[in-house]
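Chemist: attaching a predicted model along with its sequence, questions to come.
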Amino acid sequence: MRIVWLNGAFGAGKTTLAKRLLADDSRLLLFDAELPGYMLREIVPLPPSGDFQDLRIWRRSVADTAIALLQEYHRTLVVPMTVVVPQYLDEIFLALRAAGASVDHFFLNTRVEVLRQRIEEQSIWPEDPGRDAEVRAWRLAQMQRCVAAVPLLSAQTTLLDGELSVGELAGRVRARLAEPTT
């Protein structure tokens, strides 16, 4: 049981890389860890921060869902998800490893100027300009926090240059996955 966790700031290219990995290998399975958060927003109040990651139940739901997917489908999961609070990563990864999963954690390290340009050029909700502007503003507001997390990442994290082409990034991830798990 193996998980490829693609981490990095919003605009770093996690989703693009995940899609490329899945296009290159149909045995992989995509798990969007935001989905449990969207579900929980409908059930329980968000914490004062407004971020569902601050809900312990979100972190537990992510780990539980990933474990269930691994056990049911026996495929490597690709999880493109920004999580920059070290304790939250530890909590999720410890639960995954306790269930027997191997976790490969990649962080797409990207300069703030590049992130800003990518976020400003993206349209997440093209049919809803107001919502699109709101999401863009939130993503831009998270940049510094995400970039500041790099020195706090565990030694087991593989840093990737988020400014490389998606093909180069996919090649580096595949090379890491070809190495034996420990």
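Modeler: Sure thing, it's come through.
Chemist: just checking, G100 touches M1?
Modeler: Yes. Contact status for G100 versus M1: in contact at 5.6 Å, counting by C-beta atoms under 8 Å. Any C-beta I mention is one placed from the backbone N, CA and C, and that applies to glycine too.
Chemist: what residues does the helix or strand containing E113 touch?
Modeler: Assigned by DSSP states H and E, E113 belongs to helix 112-121. Contacting residues not belonging to helix 112-121 are listed as 9-13, 136, 139-140, 143-144, 146-147, 162-163 [C-beta atoms under 8 Å, 6 or more residues apart in numbering].
Chemist: stretch 12-21 now?
Modeler: For stretch 12-21, the surrounding residues in contact (C-beta under 8 Å, 6+ apart) are 4, 6-8, 28, 30, 78-82, 108-110, 115, 118, 146, 162, 166-167, 169-170, 173-174.
Chemist: now the buried members of those.
Modeler: Buried by 16 or more other C-beta atoms under 10 Å: 4, 6-8, 28, 78-82, 108-110, 115, 118, 146, 162, 169-170, 173, out of the contacts of stretch 12-21.
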